[in-house]
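A.B. asks: Predicted model follows, preceded by the sequence.
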Amino acid sequence: MAIMNVNPTRMQMTKLKKQLQTAKRGHKMLKDKRDELMRQFIELVQENKKLRDEVEKKLSECNAHFISASSVMSHQALDSSLMSSKQQTGVEIDSKNIMSVDVPVFSSVAESPNEGDIFPYGFAFTSFELDGAVMSLQELLPELIRLAETEKSCELMAAEIERTRRRVNSLEHVMIPRYEETIKYISMKLEENDRSSRTRLMKVKDMLLDKAHNYSGKYTNPAGE
Amino acid sequence: MVKNIAIIGDSESVKGFGAVGIDVILCNEPSDSAVVLKAVAERDTYAIIYMTEELFEASKKERDKYSEKPVPAIIPLPGARGNTGIGSRRLSAFVEQAVGSDILFR
């Protein structure tokens, strides 16, 4: 791991130590966030899977109903009976915050004149298969909306988990080792400087003592004794 | 905030949805799906947009613009021509994106 390009000074080291501490704290928090997101995501995705299997099964049943309806009615009659809808299904959008991910919450608001009256046509000229088809679709509607909600939530959470995972990994495997190594490098460099200046001082002291007392006999006595 | 629901698909697959109060938007050619989706999503009146699977597949680029936003939710549904398994594959892709490998449905 490469160390950072910094000056090996005490000040720089203090700064880096502070940054390392922040990075470690951030790493711990992001890791907790990732784990919690993951837990909720797994729950949600399992529910989503169940819901989707169910919806797809029921939808194919609905389609079968419509096909049998279209087999006993003419195309034009079928289309015109489905064309004008009595109700408008809307959804109230709310949002829920799961670990800083904003996920939508849909609750259906049906604007229909009355609950039991869902058929947009009179019964005189339509087959009963069509009634069954529309009814089964109406029953499926809450599940369809729930499916949309969970699937969107899964999509948003998957993206957020990926981002968080990347951050955790980059902190754990790149940033923190780099800080640690740089700090180690600076402290070693400082110790080395310390030792070298100490030996230099000792050397100078020896030289000065030698000069003052003439241990080596190198220096001639200025007084000529 | 109340918004509506739309479904985009071929006439065979989506005609029943009009009866239960979902706005039906016809699109018979998969090649047109991106344009249609763009027009529908830009209107910003829909919270959920269902698409039949073949159209869903054909409009990936346009869909990705909305993948980060909470609404609209763009959801694939099997059409009259049968289930191609895109829905389950999409879920697997989410798991793979989040976890790193598909650990749930293999």
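C.D. replies: Thanks, I have the structure now.
A.B. asks: For the residue lying closest to B:Ala47 once chain neighbours are set aside, list the residues it contacts.
C.D. replies: Excluding its sequence neighbours, the residue lying closest to B:Ala47 (C-beta to C-beta, 6 or more residues apart in numbering or on different chains) is B:Lys3, at 3.9 Å. No exception for glycine: its C-beta is placed from N, CA and C like everyone else's. By C-beta atoms under 8 Å, 6 or more residues apart in numbering or on different chains, the contact set of B:Lys3 is A:90-91, A:93, B:45-47, B:71.
A.B. asks: Just the residues you listed: which are in strands?
C.D. replies: A:90-91, A:93, B:46-47 (DSSP state E).
A.B. asks: hang on, the earlier thing: mark which of the contacts of B:Lys3 are buried, thanks.
C.D. replies: Burial by neighbour count, 16 or more other C-beta atoms under 10 Å in any protein chain shown: within the contacts of B:Lys3 this picks out A:90-91, A:93, B:46-47, B:71.
A.B. asks: Now stretch A:67-81: buried residues?
C.D. replies: So, applying 16+ other C-beta under 10 Å, buried residues of stretch A:67-81: A:69-70, A:73, A:77-78, A:81.
A.B. asks: actually stretch B:18-38, not the one I wrote
C.D. replies: Within stretch B:18-38, the residues that qualify as buried are B:18-25, B:27, B:30, B:33-34, B:36-37, counting by 16+ other C-beta under 10 Å.
A.B. asks: Mind telling me the two of those residues farthest from one another?
C.D. replies: Farthest-apart pair in the buried residues of stretch B:18-38 is B:Ala19 and B:Ala34; separation 27.6 Å (C-beta to C-beta).
A.B. asks: Name the residues of chain B found near chain A, please.
C.D. replies: Applying C-beta under 8 Å from any C-beta of the partner chain, we find that chain B lies next to chain A at B:1-5, B:13, B:15-22, B:47-48, B:50, B:67-68, B:70-71, B:73, B:75, B:77-78, B:80, B:82-83, B:87-88, B:90-91, B:94-95, B:97-100, B:104-105.
A.B. asks: Any idea which helix or strand in the chain has the lowest mean pLDDT?
C.D. replies: No chain was given, so I picked chain A. The weakest-scoring helix or strand in chain A, judged by mean pLDDT, DSSP states H and E, is helix A:75-83 (a mean of 70).
A.B. asks: not quite, I wanted chain B
C.D. replies: In chain B, no helix or strand scores lower on mean pLDDT, DSSP H and E than helix B:11-14, which sits at a mean of 80.
A.B. asks: Report all helices and strands that that helix contacts.
C.D. replies: Helices and strands touching helix B:11-14, by 3 or more C-beta pairs under 8 Å, 6 or more residues apart in numbering or on different chains; DSSP states H and E, are strand B:23-26.
A.B. asks: what ranges of chain A fall below the confidence cut-off?
C.D. replies: A:1, A:80-81, A:83-86, A:110-125, A:220-225 (pLDDT under 70).
A.B. asks: and the longest helix for it?
C.D. replies: Ranked by residue count under DSSP state H, the longest helix found in chain A is helix A:10-72.
A.B. asks: Equivalent analysis for chain B, please.
C.D. replies: Longest helix in chain B, counting by DSSP H: helix B:86-99.
A.B. asks: Could I get the buried residue list for it?
C.D. replies: In helix B:86-99, counting by 16+ other C-beta under 10 Å, buried: B:86-88, B:90-92, B:94-95, B:97-99.
A.B. asks: how about the CA coordinates for it, as CSV?
C.D. replies: Extracted in CSV, the C-alpha atoms of helix B:86-99 (Å, rounded to 0.1, in the frame of the first residue of the first chain):
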residue,chain,number,x,y,z
ILE,B,86,-38.3,-11.0,-16.4
GLY,B,87,-39.8,-10.1,-13.1
SER,B,88,-38.0,-12.8,-11.2
ARG,B,89,-34.8,-12.1,-13.0
ARG,B,90,-35.1,-8.5,-12.0
LEU,B,91,-35.4,-9.5,-8.4
SER,B,92,-32.3,-11.7,-8.7
ALA,B,93,-30.5,-8.7,-10.2
PHE,B,94,-31.4,-6.6,-7.2
VAL,B,95,-30.1,-9.2,-4.8
GLU,B,96,-26.9,-9.5,-6.8
GLN,B,97,-26.4,-5.8,-6.8
ALA,B,98,-26.9,-5.6,-3.1
VAL,B,99,-25.2,-8.7,-1.8
